[in-house]
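1. need a structure here:
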Amino acid sequence: MNAEFEKSILDKYYFFGDNNWKTNMNTSCICWGFECDDGWQKLISDLCEELDEFLKVHPNPDFRVSQVKSKFGGLRFYVENEGDDYKAIYDIIDKYEKKSYHTCEYCGAENATQVGRWVMTLCPDCQKK
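-> Predicted structure coming up:
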């Protein structure tokens, strides 16, 4: 993932933890950054924005995102300390995880499908690369 984008997201939203996210391996996998390619930047940005808006109405200072990665061709957004609003939080996350199955992980095109033995979601153009 693009380092500038990653830093902007990690620094903007409290739910990624304190500013020691790059070095604190004891509390989260975020220290390894977002383990996916740049095509999902908009999905991640939109997901974080929607979570932030939800959490402004339903405050939860203990809520944390512990990992963001690609797995089996889809976006995975792991969280902890969801509190009483866990269903609404997971509904938001699920919406963007589902979108990732049609969004190219490399370029962000929306005509993507799952390909390869190590499953990735790629558009026809990126499949040729």
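
2. Please make it C-alpha for all contacts and neighbour counts, starting now.
-> OK.

3. Which of the three states applies to Arg76?
-> Arg76 carries the three-state label strand when classified by DSSP: H, G, I helix; E, B strand; the rest coil.

4. tell me the mean pLDDT over the longest helix along the chain?
-> Ranked by residue count under DSSP state H, the longest helix found in the chain is helix 41-57. For helix 41-57, mean pLDDT rounds to 98.

5. And stretch 104-118, by the same measure?
-> Averaged over stretch 104-118, pLDDT sits at 93.

6. Buried residues in it, which are they?
-> Neighbour-count burial for stretch 104-118, with 16 or more other C-alpha atoms under 10 Å as criterion, is recorded at 104-110, 112-114.

7. Give me the next element, helix or strand, following the longest helix of the chain.
-> On the C-terminal side of helix 41-57, the closest following helix or strand by DSSP states H and E is strand 64-71.

8. What lies in contact with that following strand?
-> 14-17, 27-30, 33-36, 75-82, 119 (C-alpha atoms under 8 Å, 6 or more residues apart in numbering).

9. what's the longest helix of the chain in contact with?
-> Counting by C-alpha under 8 Å, 6+ apart, 5, 9, 13, 89, 92-93, 96, 99-100, 108 sit against helix 41-57.

10. TSV please, covering those and showing secondary structure.
-> Formatted as TSV, the contacts of helix 41-57 follow (three-state DSSP):
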residue	secondary structure
Phe5	helix
Ile9	helix
Tyr13	coil
Ile89	helix
Ile92	helix
Ile93	helix
Tyr96	helix
Lys99	helix
Ser100	helix
Gly108	coil
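
11. any chance of those residues in CSV, plus distance to His58?
-> Formatted as CSV, the contacts of helix 41-57 follow (distance: C-alpha to C-alpha, whole Å):
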residue, distance to His58
Phe5, 26
Ile9, 20
Tyr13, 15
Ile89, 10
Ile92, 14
Ile93, 16
Tyr96, 20
Lys99, 25
Ser100, 26
Gly108, 31
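
12. farthest pair in these?
-> Using C-alpha to C-alpha, the two most remote members of the contacts of helix 41-57 are Ile89 and Gly108, lying 23.9 Å apart.

13. Need the distance between the two termini of stretch 34-49.
-> 16 Å (C-alpha to C-alpha, to the nearest Å).

14. Appreciated, that's everything.
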